Each structure stands twice: as C-alpha cells, then as structure tokens.
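In: Got a sequence here, can you model it:
(chains A, B, C and D)
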Number of protein chains: 4
Amino acid sequence: MLPWSADLAGRIDEHLFDSRLLADNPLGDPAQRPLWVYLPPGYDDDQATRYPTVYVIQGYTGHVRMWANRAPFRQPFLETADQVFADGSAPPCVLVYVDAWTSYGGSQFVDSGGTGRYHSYLCDEVVPWVDAHYRTIDAPASRAISGKSSGGFGAMITPMLRPDLFGALATHAGDTLYEHCYLPDFAAATRHLRGYGGDIWTWWDDFRSRPAMSKKEDESLLTALGCAAAFSPGDDGRPVLPFDPLTGVVDEEQWARWLAWDPVRMVDRYADALRGLRAIWIDAGDEDDYHLDLGAQAFRAGLDRIGVDESRVYFEIFPATHAAIDYRYPLALRWLAQRLER
Amino acid sequence: MLPWSADLAGRIDEHLFDSRLLADNPLGDPAQRPLWVYLPPGYDDDQATRYPTVYVIQGYTGHVRMWANRAPFRQPFLETADQVFADGSAPPCVLVYVDAWTSYGGSQFVDSGGTGRYHSYLCDEVVPWVDAHYRTIDAPASRAISGKSSGGFGAMITPMLRPDLFGALATHAGDTLYEHCYLPDFAAATRHLRGYGGDIWTWWDDFRSRPAMSKKEDESLLTALGCAAAFSPGDDGRPVLPFDPLTGVVDEEQWARWLAWDPVRMVDRYADALRGLRAIWIDAGDEDDYHLDLGAQAFRAGLDRIGVDESRVYFEIFPATHAAIDYRYPLALRWLAQRLER
Amino acid sequence: MLPWSADLAGRIDEHLFDSRLLADNPLGDPAQRPLWVYLPPGYDDDQATRYPTVYVIQGYTGHVRMWANRAPFRQPFLETADQVFADGSAPPCVLVYVDAWTSYGGSQFVDSGGTGRYHSYLCDEVVPWVDAHYRTIDAPASRAISGKSSGGFGAMITPMLRPDLFGALATHAGDTLYEHCYLPDFAAATRHLRGYGGDIWTWWDDFRSRPAMSKKEDESLLTALGCAAAFSPGDDGRPVLPFDPLTGVVDEEQWARWLAWDPVRMVDRYADALRGLRAIWIDAGDEDDYHLDLGAQAFRAGLDRIGVDESRVYFEIFPATHAAIDYRYPLALRWLAQRLER
Amino acid sequence: MLPWSADLAGRIDEHLFDSRLLADNPLGDPAQRPLWVYLPPGYDDDQATRYPTVYVIQGYTGHVRMWANRAPFRQPFLETADQVFADGSAPPCVLVYVDAWTSYGGSQFVDSGGTGRYHSYLCDEVVPWVDAHYRTIDAPASRAISGKSSGGFGAMITPMLRPDLFGALATHAGDTLYEHCYLPDFAAATRHLRGYGGDIWTWWDDFRSRPAMSKKEDESLLTALGCAAAFSPGDDGRPVLPFDPLTGVVDEEQWARWLAWDPVRMVDRYADALRGLRAIWIDAGDEDDYHLDLGAQAFRAGLDRIGVDESRVYFEIFPATHAAIDYRYPLALRWLAQRLER
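Out: Numbering: from 1, shown residues only, chains lettered A, B, ... in the order given. This next block holds a predicted model:
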C-alpha cells in the first residue's frame, strides 16, 4: 500500500553476479555484484515472446540497492518504470539494473586502471548473461541504456563505444561539457585541501575515519578523486588530480585525459556510432547544479553537427536543479520502449 | 554485503497494525500502518529476559519504509542501531519503528482535528500492543522515545504529555523555538503564494496534479500546511494558516495555537514530567537550516531553569546542517540504552 | 562630464547645522551636522515663488555625504533628482538632505535615550530652519519625506507622528513588519555571538579595534545593536537586545518595545494622520533581502483597512532585491512633486 | 569631520587630461580624462625633494571619481593613503589616480581594438606628463603601480610589459588564473542569454534602455562583453565572446587570446621583467568570489618558479570575499613606499 510500497505488475529477479572482469580490481571492491532484472507484465505468460532490453545505470555514489529508496510523495523508479508497462502506454521491455559502485563512489562506467573494468563488465559480461538467461532480442536496435548524472554519462558513452550492442540511449543531466561540470569544482576542491596540507590522501584518510559525508568538503573531493580514478589514473593505479592542489592550476596533461572522455568532445570521434542510433533522449534541468543543461545543449548541438536525424532525438530543458528529477526517468523509458525494435 | 546490505545480529518483525484510533481520520489516510519491531541479539535465546524499549519516530515527510533507504557511504539506522547492540557497547533493547505519515507529509505526533489521533495511536495503541506481544519492561523508566526534526519534536513532547509511559528521550535537531524554526518560512511561503493568488489550496491542487516536490515552493508550503493541520486546524478540520497569505502578517490567534506546542514554551507547563525523566539527549548541528541548534540551546536552558538534574542531560552542538545527521542516532541510542532501567 | 560628474540645472547649498537637540547625545556623536539643500532650476530667477519641500533621509549606515557616491552606470540621486525638475516632468521642489547618522550606523529617525533626539532634530530644528531660510511653503500639504530602507521607515513614521508638518511620503523598501524584517536576523546574530561569549559588547569592542565591516557578523550585529539603541534602550541608555544572546529566545518585553515602532502595527494608532496624507508612495523589490516587499504589502493593506483613499496611494512590487534600487527614488520624487500643494 | 570628511595632510590636484592616444577610440568614449595627483605632506615645503610615484588603478566598472565614495565606518583610500604619510609610517610618495573607464565598464588597462589604447595612455602619456609636471623620480625603481581586481590585473601586467617604467607593484585580488576567475561565469552568462535569444547584443541594447545593473544578468554579461572587448576583439573591433552563447562551449581560439593575457601564464614569458622588480605585493581574500585567492597563490608560485627573490615578495591570503577589502590598500602602499628607491 502507498506510500510504503506498491505491487508490481511485472516482477524483479535479484541476482548476485560473479564477475570475472572485476576480480582483483585495483580498489579491492567486491567482484560479486547485485544485478536486478525486471520482467514486464506478460513475460511469464507467453514463453515465445522476446523483448527489447533497457539497461539502467546510476549517478555517482549510487549502487543498485538505492533503487529501492523511497522519497516523500514519490515512488521509486522500480515502481514508476513498472507503471509504464502496466498502464499500456508503452510496449513491454526487460529492464536490467547494473551496479558499478566503487570505493570512491563510482566508476563512470569506463575501464580504468584506477577502479576496474566496469565498461567491459557491463558490455561483455552482463549483456551476454542477460541475453542468455532471459528472452531478450539480442540486437542493438532492441537494446538501450539509460541513466542520470554519471549514469547519463555512461548512457552517452557506452553506445558510442559499443554500437554493436546499444542502439538507443537516454541521458538525464548526464556529465558532459567538462569545463562547466567538473572544472568549477576544482577551485572549491583546492580551497578545501588547504585544511589537509594540499594532500587529497590526507583528506581521504580522514574521510574513512569518521562518518562519511559529514564535512562540507566531502562531496567535491570525493568526486575529484573518483573521476581522477576513472579518467586519469597513474601507472600505479592511483588517481592523479588534473589540477595542482596548492594553486588550482589545471594540469593540462591530465586534464586532456579527462577531456578525451567528454561526450561533447567525443561526438566527432564517434560520429558513425551516433548516427546509427535509433533513439536518443537528452534532458536536464535549466538550473542544474553542474550546468548539465549546457552540456545537454552542447551534446545535442554536436549531434546536429554530425548529421544525426532530428526525428531520432528527444531534447528538453525543463525547470529543475540537479536534484529530484527521477520523475523524468519513466518519461524517457516510455519513449525508448516505443522506439526499440521488436 | 556492504554497501548493498548488511546482516543484522538481531532481527526485525514487520507488522501491519490495524489502528482503531486512526480509523476515519480526517484526511482519509490508511488506518492500517506498518510497524517494525527490532529484537536485539539474544532475544530469542533466553526467553526469560525482558527488555527496555526505544520508540523511534521520523522527521517530516518520513514514513517507516524510508528507514530502509541507503545513502552513499553510510548504513541505514536499521543497521547502525543493530551494531550498537551487536558490538556490546550497550545492553540490548527492543526498538519500535512507528509510522505517523499523513497526506500532508506528517502528523507532528499530536492528536489533531486536522490529521488524526497520532499521539494516541502511539501511546494508547502501539505501546500496549508492543508490551503485550514482546518481552518488554512495561515501565516509563524502561521506555524511551527518539527522533530527528519533527521526530525530535515528537520525542520532546510525548514524554511531557505521557510521563506515565516514557521516561527518557533523544531529540536530534527537534522542532522547537518556533520564532526561528517556523516563522522565517512564512515569509517565503507568502512570496510563493503570489503565484497561486494567495490561496494555498490552489497550490495544493497543483501539487497533487504533477510530480510532487518538483517546484521550489513545494517544501515550505507543504510544511506550512502540515503544521497548520497539526497545530491550528479549523473547526471543520481544514488547516488554518497562522499568517495572512497576502501579506505575511502573523495571525496572532492561530500563531498562539502553534506556540502552545513549542517545546521551549512547554517546559514550564510540563516541568514535573521533565524533572521525572532519567535521560534526555539533545543535539543539533551548529548551522541547522531551521536554527534548531538555537532551539536545542533554548530547550536545554529551559531544563536548567526548572531544575532538571544536569547529570541526566546530554547536550551537544556539533558541526552540521540539518541534513545527513543520521550518524548521530546510534550515539544517542547507545547512551539511552545504558540509562534505561532493566 | 559623465560618468564622472554632471552639471546640475539647480544647485545645492551645503550647510553645517549646529543642533541644540543633538548636543550631549548619549553616544557623543557630533551635534554639528551636514545639511544639504537643493534648489531647483528657476529658484534664483523668480524671487516671489515659494516651493514645496521634500525631505530626503537615508538607509541604515548612511550619512549625507554618501549621496555623492557614484555607482557604475548610474548617477547619484543628487543628479537624477535634479533631472526630474530639469526635464520639466515635475514642477520644482526644494529638497532637503538630512543627516541622522550615529556611531551605531543610524538613528531610525526617532528620539531615543540610546542615541539622541533625531526625530525632534528633524522636525523641530531642521524644518523650521529650512522654512526660515528658503522660500518654501510652510504647510503639511506642501511638505513630503522620502527614504529607503531605514529611511523608508523614517518616511513612514515621521508623518504619522507629525501630520502637522508632513502631508506626503515615499517609502522604498522601508523597514516594517518586524517579524519578517528584523526577527530572522536574531537567529544569525545569536550564532555570531557564540564567538564572543554571547556578549555583544565584546563584539563591539572588537568591531572598533579593526577594519569595520570586515567580518561576516558585522552587519547583523550592528543592526541589532543600532535598532536596540533606537527602540529598546535601557534606563542608562545602553541598548537592550530583544533576544537572549545565548539561545535566541525572544525577550517579549523588549520585543514589544520594538513592535510598538512597527509601521504596520502603528497604522491603526495613527489612522487619522495617515488618512490626512495627500500622497503615499510605497514600493519594494519582490525579493527584498529583508522581506520588505511583504512589509510594503502589509502597510498598504493597513492603509486600505483604515480607509485611506486609494487614489492617494501608489503601490508597486517590482523585480529587485534590497540593493541597487536607487533608480526608484526619482520616480517617487516626480510623483510626489506633482501632488504637493503649491 | 568624520564620518563625512577628513582633512588631508597632503593635497590632491584634479586635472583633466586630453589624451591623444584615446582620441577616436572605438567606443567613442571621452578622450579627456580626469587625472588626480596626490602630493604628500611636505611636498610644497621643500622644492628640492623628488618623490617616488605610485600609480593607482581601479577594478572593473570603476572610474576615478569613485575614489571619493564613502562607505559605512570606513574612509576612502584618498584619506587612508594620506594617513600612511601623515602618520610617518612610510616615507612620502606622489600618488597618481588614473582613469581607464570605458562604456563597457573598463579597459583591463590593455591596448585593444575593442576599447582603445589604455595601456599606452597610461605608460606613454600619463607617466611622462606626471614626471614633467611634478617633482618625481623618473626611474622604474621609484615607480610602482597598485590596484584591486581588474586593477590588480593591470598592476601585474603593466610592469611585465614595461619594466622600463615600473619597478614595483601591488595586486589585491587581481584577475588571474582565468579557468577559475572568468570561465565559471561563462556558464551563467550562457544561461542568462537564453532570455535574449543567445545574442549578447540584444542584451546590450536592453541594458542601455533601462536602469543599468537592475537585472540579475547584468554583471556577468557586462564582464563577458568588456573582457572580450579587451582580449578578443574582432577585426571590426566588436568583442567576440570566447564561448558559444547557445551552449557555453568554449571557443578555443578566442579563449587562447584571453589566456595569453592571464598573468599566471604570462610569468614565464616575462620572467626577466618580473625578476627585475624590487617589490611585489600579492594578496586576496580566502573566499574571493572569483577565486582570486587561487590566482594569487598561482601567481606567487610562478614567481617562485622563475626565481624571483623571496625577500621582494609580500604574500597574504586573508579572511574575506572579493568585497570590502579596500582597507588592504594602505597596507600595500606603506610597504611599497618603504621599498621604492629615493
């Protein structure tokens, strides 16, 4: 009964996935991961039907169990996604909730010497396993990926890297246009590090020794560390910050490694992949805390520039900050479900 | 496995409680409520032992299922509370998680013609039922109540009203000193109502017709409505705002009804009850968004004034805002558990 | 030449006024005050014409010389006021710039044992002197007062107290509705005083020993001190704060003394005076930092309630904060000049 | 009498300077400029003595007359500078207040096809004229330049470009480290331009048609326009923004033109000039709104890197934002006066 819970029209299988690719990851994070598979209403009734799949990934610091979190006056996406199919407004899909959490809060869904092979885990382990164990349609035209924030970033880059797997995406306030989403925080981070002698590892030791997220500096320093782990790990796997922690001066060499992962800057390199997608949903709040509305606009402008067919793109800047925009997810899911090949 | 879950040393019974007192409540909210009872490690082993109980209540817009929400790098109180007993740092208690959610977001744990009889539900239905169904010690010296924000308010007033039931409390950033915690928001609310013709019901209709909490005004207007439902309902049960929605001018008559529920102002009226408590934990963050650090200081000063024995009071202003202070809950729980009679 | 300066069509006489009433004021502030009198174009040509006067007063911490301050891309009111007459859009008036600065930053234009007799200085010394030395029309229907912020407050209360002198007023974001303009700052002030052992005099000593206004706490503590000097001085003339500096609890007795000076609350007591005014300009920015837009709305609602003729009132809430609204002053001046009797 | 005015121990000559170099500047701004020369106490007494000079320049939107502005509880630099010499704490200097205002608010003290030849005006017109008309010591070791914000920028670059003229400098929160001081505002500017169809000229027309600085967007758009006029004018002299106004994407070509003027990045190119300076004062508030504390740290680190003798540098990060730091100016003036050759 609401607000406490809701019965699903479909059902969710909760798996523990033993990843070979995440074994011995540099952070010593678990190689066994929760993997949730949602089966839409009707899945069990007609054993002949095969379904498109939508992979769902999370923002920074998210892990799969947080999909069950309940917020005031709202239902979790687990339930609002189910409603999209239950109310018949979109044809059924299988949804796959993938976990890519790390000790730094996230992986950015890339393969990195700093965190592990989360991109490959998703593409080369989870996707084949899902296709082997569920009645999915194993074709990029029938497979989408969706996420918010860092998850939106993952949803943008994964089909660029693997158009053989993913033919559609939805990005809600996805990390992009790094000069406006990441760079401003380097100044804050530099100031915060004054209290730690300019050494992020001193902060990191402090962070792990007390209630996490209990100091003002935690969020920006954690993000800096985690993104550096993803984008600019050193040869030894230790994150290398893309700025001088004593002055905030950008380290152009490391920063270039980050920018190589900026979806706006990747558009031209991956133009063929992007032109091959059948559905691209882009949205963001007009007051997004990380200026991801600008990133959304820039990413869309990039798609225009390389000649992506406008009819395949949904774009909206809506009134919001970066927070509390989960009500957008089912809108994109419905739109994707209507466009995936079946 | 963390961060996704943790095994408990104790266990939790999830009940659905059919309340007679909440039946036909004015908002038509469910009379059947989730009620979670935590039994500490050892409870099932020795059938002769009886335990003190700690009732746990939530902040505004909270409902019982949110206790299971997981936040980054933290464990839910369900788990950190368990650790208090599992690690032996405090003697075992039974914990009771009570739901007092309403359509306006909360009840303030009072009996009100605007929302329902949530105070009586807690005191006259839940407490006797728990004592009847679990091996508790049915005595105020062995029964505490604890909460944050509106839950901290509930934890302050419930023992004042019912010293025959509760002999200890913990308030984390509890609502009090209303000139600083509620009044400032009336100005914001008045401005917000400009967009609704000065009519909060026009906003309320709008609020229910779209994704909740998706507009800037939602939080302050919801709080105003919910507190008015609790503290200043009209004869017909409809909340009466304690300010003129066109000018922000305080309505002294309605405001006096709110102030009658200000714990700081209740101290003298309930001095005997407060002097009889064996343990009072008061804390708040020094930058609390609602100035509840001042409220905490004022409440403590009130206890001093009426002669509450200092040895029974724990008081701390710690560095924090109103958010992310759940790591304080197990600290207070341990302190209470050590002081409850057994 | 602009932006550096502009030639006036009229001219300004800069006087030093030796006040008898300010002699031996409690703060030892100068009894000799600058007094600037602006004479409109034509004043010197036709020696027979007499003019209405508009008295101009300033916001908190203002003194007369600040009228000459230049802001980017704007001209000072000394010049924009002159333009109102130079361009013929309003008939000429004499303007009188009155100084009511004190060591605490201001006087609120009242007589107070805490600061001095600034109300009487204005009404009983400056007004008669101006009428004696310039060709003014000595009648309330031909005399207005205008100001912003604390000056707006002064412009509201002075005609209430002295309808025999002032028959018109303009208040821009005038201090009023004290529960929303002053009370919220008491919480901030209480927190700031933690660093001073809860003693505002410790802060005051510190304030005077270093560059003024160089700490975050300076503004709110200075305002608290100055308003207490104006509204709630002790028998010894020392300001008594209307709140407990250790807890923020409002001191109802002292607070009542402040509220007795709240223009919104004064409306009924001075209804006759207000009904006798021929022109009342009220405006404020819709995001005024001190919620003086609400105060403006409440003051106007009060005028409606007591039956002030709507045709005599100009009311506008415009898009702005409390800052940078000096461009409103000439609008009100023009409107007043057109309505003063001549 | 304070707070209204103070008598100077020295005196100020107010000149109007007819500039040949500013004639026919692209914005049609006046070629006749106010130029104020301060002569220290004793200057008129001993006609044989020659003095070091300190040139004083202003922040963005400043013009010379604003030096006379009075702020609450403070004296203008005109007076606090005089006190440095009047109280004998530093040997006397001549001070020169130079105006470099433009229609966009400022010139950044550079020669630009977008605004005019303000650098040459200062170096090739004002300096020789001052030396010709006053008893100064015409040598770089006896000539310093000082300023705040954009004036601090001017104080950094002018001696780099003209070590033959200037041998010392003081920068208070000077514009530098552009990725942290300018770039963050491009995101805000892009959002603001949504309301103007992405066209800054539409905003500029609007800006000039109404009270200036009366909309939230004015400050960031004005700065963007003015800096583009200084650093990235087009061939036709029209400012070219260094970002796409529809997406916020940085225009690397134009941005490189800005970065060529970043003092932190200029250090190596002008290492010889910097190593030749006898005194360099660098300070900034630790919460500077434009992160100029980081810029200060980076500039100082640059000086260290190129081998500037530490004994010639004063460096301090003090508690402040970007506002209200004028009390720092006389501290730097005293320090410079003690080090200039005489």
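In: what's the distance between residue A:24 and chain B?
Out: The gap separating residue A:24 from chain B is 17 Å, by CB to the nearest CB, to the nearest Å. (Glycine included, C-beta is placed from N, CA and C.)
In: and the residue nearest to residue A:167 when sequence neighbours are not counted, how many neighbours?
Out: Among residues not flanking residue A:167 along the chain, residue A:140 sits closest, at 3.6 Å (CB to CB, 6 or more residues apart in numbering or on different chains). Per other CB atoms under 10 Å in any protein chain shown, the neighbour tally for residue A:140 reads 21.
In: quick one: residue A:140 from chain D, how far?
Out: 28 Å.
In: Which neighbouring residues are in contact with that residue, exactly?
Out: A:159, A:163-167, A:276 (CB atoms under 8 Å, 6 or more residues apart in numbering or on different chains).
In: Repeat that for residue A:110.
Out: Contact analysis of residue A:110 by CB under 8 Å, 6+ apart lists A:118-119, A:157, A:230-231, A:261.
In: how about a cut-off of 7 Å?
Out: Residue A:110 sits next to A:118-119, A:230, A:261 when contact means CB atoms under 7 Å, 6 or more residues apart in numbering or on different chains.
In: ok, and of the residues you listed, which contact chain B?
Out: Among the contacts of residue A:110, not one lies near chain B by CB under 7 Å from any CB of the partner chain.
In: Close to chain B: what parts of the stretch 101-250 of chain A are there?
Out: Neighbours of chain B within the stretch 101-250 of chain A, by CB under 7 Å from any CB: A:101, A:105, A:211-214.
In: which of these lies closest to chain C?
Out: In terms of CB to the nearest CB, no member of those lies closer to chain C than residue A:214, at 19.4 Å.
In: where does that closest one land in three-state SS?
Out: coil (DSSP: H, G, I helix; E, B strand; the rest coil).
In: which residues in the stretch 151-300 of chain A form helices?
Out: Shown for the stretch 151-300 of chain A, the helices assigned by DSSP state H, counting those that start in this stretch span residues A:178-181, A:183-193, A:200-208, A:218-231, A:252-259, A:263-266, A:271-275, A:292-306.
In: Run the angle between the third one and helix A:183-193 for me.
Out: What separates the directions of helix A:200-208 and helix A:183-193 is an angle of 80 degrees, with axes from the mean of the first three to the mean of the last three CA atoms, to 10 degrees.
In: list the helices and strands helix A:200-208 packs on?
Out: Judged by 3 or more CB pairs under 7 Å, 6 or more residues apart in numbering or on different chains; DSSP states H and E, the packing partners of helix A:200-208 are helix A:218-231.
In: quick one: the helix it packs on to chain centroid distance?
Out: Relative to its parent chain, helix A:218-231 has a centroid offset of 15 Å by CA atoms, centre = their mean, to the nearest Å.
In: Give me the packing partners of it, helices and strands only.
Out: Where contact means 3+ CB pairs under 7 Å, 6+ apart, helix A:218-231 is packed against helix A:183-193, helix A:200-208, helix A:252-259.
In: With distance to residue C:70 as added columns, please give the ones you listed in CSV.
Out: Shown next, in CSV, are the helices and strands packed on helix A:218-231 (distance: least, CB to CB, whole Å):
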stretch, distance to residue C:70
helix A:183-193, 32
helix A:200-208, 46
helix A:252-259, 42
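In: Please name the bridge partners of the residue nearest to residue A:25 when sequence neighbours are not counted.
Out: Counting by CB to CB, 6+ apart, residue A:116 is the residue found nearest to residue A:25 once chain neighbours are left out, at 3.3 Å. Assessed by DSSP bridges, residue A:116 has beta-bridge partners residue A:112.
In: isn't residue A:116 right next to residue A:26, touching?
Out: Yes: under the criterion of CB atoms under 7 Å, residue A:116 makes contact with residue A:26 at 6.4 Å.
In: Looking at these two, which has the bigger crowd around it?
Out: Shown here are residue A:116 and residue A:26; by other CB under 10 Å, residue A:116 has more neighbours (28 against 17).
In: Let me see the confidence value for the residue nearest to residue A:25.
Out: Note on residue A:116: pLDDT of 98.
In: Compute the distance between the residue in the stretch 101-250 of chain A that chain C sits nearest to and residue B:296, please.
Out: At 15.6 Å from chain C, residue A:216 is the closest residue in the stretch 101-250 of chain A, using CB to the nearest CB. Residue A:216 is 21 Å from residue B:296, where distance means CB to CB, to the nearest Å.
In: neighbour count winner among these two?
Out: Taking other CB under 10 Å, residue A:216 and residue B:296 do not tie; residue B:296 has more neighbours (29 against 15).
In: which ones are touching the closest residue to the more buried one other than its chain neighbours?
Out: Spatial nearest neighbour of residue B:296, excluding adjacent residues (CB to CB, 6+ apart): residue B:284 at 4.1 Å. Residue B:284 is in contact with B:172-173, B:292-293, B:296, B:317, counting by CB under 7 Å, 6+ apart.
In: is chain D contacted by stretch A:300-318?
Out: Yes: residues of stretch A:300-318 contacting chain D under CB under 7 Å from any CB: residue A:301.
In: neighbouring contacts of that stretch?
Out: By CB under 7 Å, 6+ apart, stretch A:300-318 touches A:264, A:267-268, A:271, A:274-275, A:277-286, A:293, A:296, A:335, D:246-247.
In: I figured residue A:326 hits residue A:77, correct?
Out: Yes: counting by CB under 7 Å, residue A:77 is a contact partner of residue A:326 at 5.9 Å.
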